[in-house]
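Asker: Just the structure for this:
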Amino acid sequence: MLTFVEWRVEQASWRTAVVSGFLMACVVAGTWWFAEMTQGLSSRTRRKR
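Answerer: Residues are numbered from 1 along each chain as shown. Next up is the predicted model:
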């Protein structure tokens, strides 16, 4: 989806759109992971006792 937006709206070349979309997806995933880990909401951080 991000690749299509970059390609269509920004009128970037297909290769640039793929790289930009991948980079943006990594930034979003990293931010989400950081937020979960700092707030303790990740299922991996919970331990059942």
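Asker: So which bits of stretch 20-27 are buried?
Answerer: Neighbour counts over stretch 20-27 (16 or more other Cβ atoms under 10 Å) mark S20, G21 as buried. Where C-beta positions appear, they are placed from N, C-alpha and C, glycine not excepted.
Asker: All further residue positions should be reported with the first residue as 36.
Answerer: Sure, I'll start numbering at 36, so the last one becomes stretch 55-62.
Asker: what about that stretch, distance to the chain center?
Answerer: Its chain's average C-alpha position is 6 Å from that of stretch 55-62, according to Cα atoms, centre = their mean, to the nearest Å.
Asker: Averaged pLDDT, that stretch. What do you get?
Answerer: Averaged across stretch 55-62, the pLDDT comes to 89.
Asker: Can I get that stretch in PDB? Just the C-alpha atoms.
Answerer: The C-alpha coordinates for stretch 55-62 follow below in PDB (Å, rounded to 0.1, in the frame of the first residue of the first chain):
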ATOM      1  CA  SER A  55      10.500   4.400   0.300                       C
ATOM      2  CA  GLY A  56       7.600   2.100   1.200                       C
ATOM      3  CA  PHE A  57       9.900  -0.400   2.800                       C
ATOM      4  CA  LEU A  58      11.700   2.300   4.800                       C
ATOM      5  CA  MET A  59       8.400   3.800   6.000                       C
ATOM      6  CA  ALA A  60       7.100   0.300   7.000                       C
ATOM      7  CA  CYS A  61      10.200  -0.300   9.000                       C
ATOM      8  CA  VAL A  62       9.900   3.100  10.800                       C
END
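Asker: which helices and strands does whichever strand or helix holds C61 pack with?
Answerer: Using DSSP states H and E, C61 sits within helix 49-74. Contact here means 3 or more Cβ pairs under 8 Å, 6 or more residues apart in numbering; DSSP states H and E; on that basis helix 49-74 packs against helix 37-43.
Asker: so how far is the helix it packs on from its chain's centroid?
Answerer: 15 Å.
Asker: Output the contacting helices and strands for that helix.
Answerer: For helix 37-43, the packing partners by 3+ Cβ pairs under 8 Å, 6+ apart are helix 49-74.
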